[in-house]
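Peer 1: Whatever this is, show me its structure:
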Amino acid sequence: QVSLVESGGGLVQAGDSLSLSCAASGRTLNTDAMGWFRQAPGKEREFVAAISKRYGLANYADSVKGRFTISRNNAANTVNLRMNSLRPEDTAVYFCAAGPRYSGRASDDYDYWGQGTQVTVSS
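Peer 2: Next up is the predicted model:
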């Protein structure tokens, strides 16, 4: 079992930056991928970004490419999401996820989930 705990959400203005962090604990050996999804009110949960522990390769949704950067610290079992140039449409609950493949973009590709952290971007 893997436990994921997110931190770093908050209220910011459009154009601001914010960083999210996720700490993993437990049996993380088989979870090569750690990533982020988000869910806005009334919308489906959507993929944001993921990164491979083994190869350091990252995968981004088109909507955040060039603005968000995902990184991880394998020794500390943490993954971070640096969000720049935030827009009101980035407002959502952001969830950390862990799974076997960083290329996965569907919720079903990930086995473990955090509780989520709220990010609100005002215009």
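
Peer 1: My reading is that Y94 is in a helix; is that accurate?
Peer 2: No - membership of Y94 in a helix is not supported by DSSP: H, G, I helix; E, B strand; the rest coil, which gives strand.

Peer 1: My read is that R101 contacts T31, right?
Peer 2: No - shown here, R101 and T31 do not form a contact pair, counting by C-beta atoms under 8 Å, at 9.9 Å. C-beta: built from backbone N, CA, C; applies to glycine.

Peer 1: Give me the more crowded residue out of those two.
Peer 2: When R101 and T31 are compared on other C-beta atoms under 10 Å, the one with more neighbours turns out to be T31, at 21 against 15.

Peer 1: could you pull out the strands for this structure?
Peer 2: Ranges of strands within the chain are 2-7, 10-13, 18-26, 33-39, 46-52, 58-60, 68-73, 78-83, 92-99, 112-113, 117-122, based on DSSP state E.

Peer 1: mind listing what's buried in the last one?
Peer 2: Think strand 117-122. Using 16 or more other C-beta atoms under 10 Å as the test for burial, strand 117-122 gives T117, V119, T120, V121.

Peer 1: out of those, who's nearest R38?
Peer 2: Relative to R38, the closest of the buried residues of strand 117-122 is V119; by C-beta to C-beta it sits at 7.6 Å.

Peer 1: Count the residues that sit near the spatially closest residue to the closest one that is not a sequence neighbour.
Peer 2: Distance criterion C-beta to C-beta, 6 or more residues apart in numbering; nearest residue to V119, sequence neighbours excluded, is G9 at 4.9 Å. As a burial measure, G9 scores 17 neighbours (other C-beta under 10 Å).

Peer 1: I'd like to know the phi and psi angles of G9, please.
Peer 2: Dihedral pair for G9: phi -70, psi 170, per degrees, to the nearest 10.
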